[in-house]
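>>> whatever this is, show me its structure:
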Amino acid sequence: MFQLRHKVLFSSIGFFALAVLLAPVCFASVNAAPHLGMGSGARSLGLGGAFTAIADDATSTIWNPAGLPAVDDLTITLSSARLSLDRKHSFIGFVKKVGAKGGLGLAVVNAGVDGIPSRSSDDQAGGSFNYNSNAYSLSYGHDFGAVSLGVSGRFLMDSFGDHSSESGFGGNDIGLLGHNEAGTFSYGLAVRNFGGSIAGSELPLLIAGGLAYRVHHKNVATFSVDVEHEVIDLPESTTSLHIGTEYLIANTFAIRGGSKLTSDRRRFFVGFGVNVSGLQLDYALKAGDSAVNNLDDDSTHFISLSYSY
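Predicted coordinates for the structure are as follows:
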């Protein structure tokens, strides 16, 4: 078993090294499906997105599928965000244990814009239409002991009202999650959107690595940090540092704070969570954004509802 764990670990590290080496030839020139890069879930976003090394709820299907074996036997999560007056983002995830070591996840991420002005072929105003983008994911994670591995496959479908629709393969996500024997320290790696494209545009490859440390006393304090790089040709920085902290009181009430930092932009988040008999409500607020042209008015609200049993 000891040898198997090391073979799995070294093979996984080899894959991630290969993904990093291939990154320069995988540059996307168009930011296709940008909503997939923002993540989902009020808890993880309340931590500033520093979730790669934590990934222990249904949003693992988005952040790191290697976390699926750690999710409770049956978990359902609904999450919603109103990014501005006309932009929306929502998530629904379902996770089920498979045997003693596996976890299976299904997820749908929806992003859309309402009330887009429509014009006829002769450039006359013709009402409005809605844009919707849906990503359907199937994920599986397996626990090998001190290391877990996970993989996701994704299908994309975009619709532009009654005008047209597009579909495509949304790529694969591959993740690794490891921890020490005491469970106080964990590390995670994830490669997302590998090989994805839609309407002739490639999805940008996203590579993330993170560390998390938990202090167990009367209550539990968790500190986490991620470094994330999106392989895409954009004028702004695509490498970000995520820092988050969570303080859980009596396994019932949690308070959170986090930040997402790049060389040209700083975003700050706060949030809380309440868990009563397996029913959990999480809320997060993007409390600040240094972007010059910020469409979210510095006050984006995220809310999630989960039930586990």
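>>> so where's the stretch 101-250 of the chain uncertain?
Within the stretch 101-250 of the chain, the stretches with pLDDT under 70 are 115-116, 118-126, 162-164.
>>> go again using 80 as the cut-off
Applying pLDDT under 80 to the stretch 101-250 of the chain flags residues 114-129, 160-165, 198-200, 233-236.
>>> leaving out the residues flanking it, which one is nearest to residue 198?
Closest residue to residue 198 apart from its sequence neighbours, by CB to CB, 6 or more residues apart in numbering: residue 168 at 3.4 Å. In short, each C-beta sits where N, CA and C put it, glycine included.
>>> that's a strand at that neighbour, yeah?
Yes - using DSSP: H, G, I helix; E, B strand; the rest coil, the assignment for residue 168 is a strand.
>>> hang on, it packs against residue 193?
No - in this structure residue 168 lies outside contact range of residue 193 using CB atoms under 8 Å: 11.6 Å.
>>> the two - which one has more neighbours?
Legend: neighbour count by other CB atoms under 10 Å for residue 168 and residue 193, higher for residue 193 (27 against 20).
>>> contacts only, for the more buried one.
The contact partners of residue 193, by CB atoms under 8 Å, 6 or more residues apart in numbering, come to 33, 36, 154, 170-171, 173, 203-206.
>>> what are the ranges of the helices in the stretch 151-300 of the chain?
Here the stretch 151-300 of the chain has no helices by DSSP state H, counting those that start in this stretch.
>>> quick revisit: in the sheet, who's paired with the residue nearest to residue 198?
residue 156 (DSSP bridges).
>>> what do you get for residue 81?
Legend: beta-bridge partners of residue 81 under DSSP bridges are residue 89, residue 302.
>>> isn't residue 282 up against residue 303?
Yes - in this structure, residue 282 is within contact of residue 303 by CB under 8 Å, at 7.1 Å.
>>> give me the common contacts of the two.
Common contacts of residue 282 and residue 303 (CB under 8 Å, 6+ apart): residue 42.
>>> neighbour count winner among the two?
Neighbour count, other CB under 10 Å: between residue 282 and residue 303, residue 282 has more, with 25 against 17.
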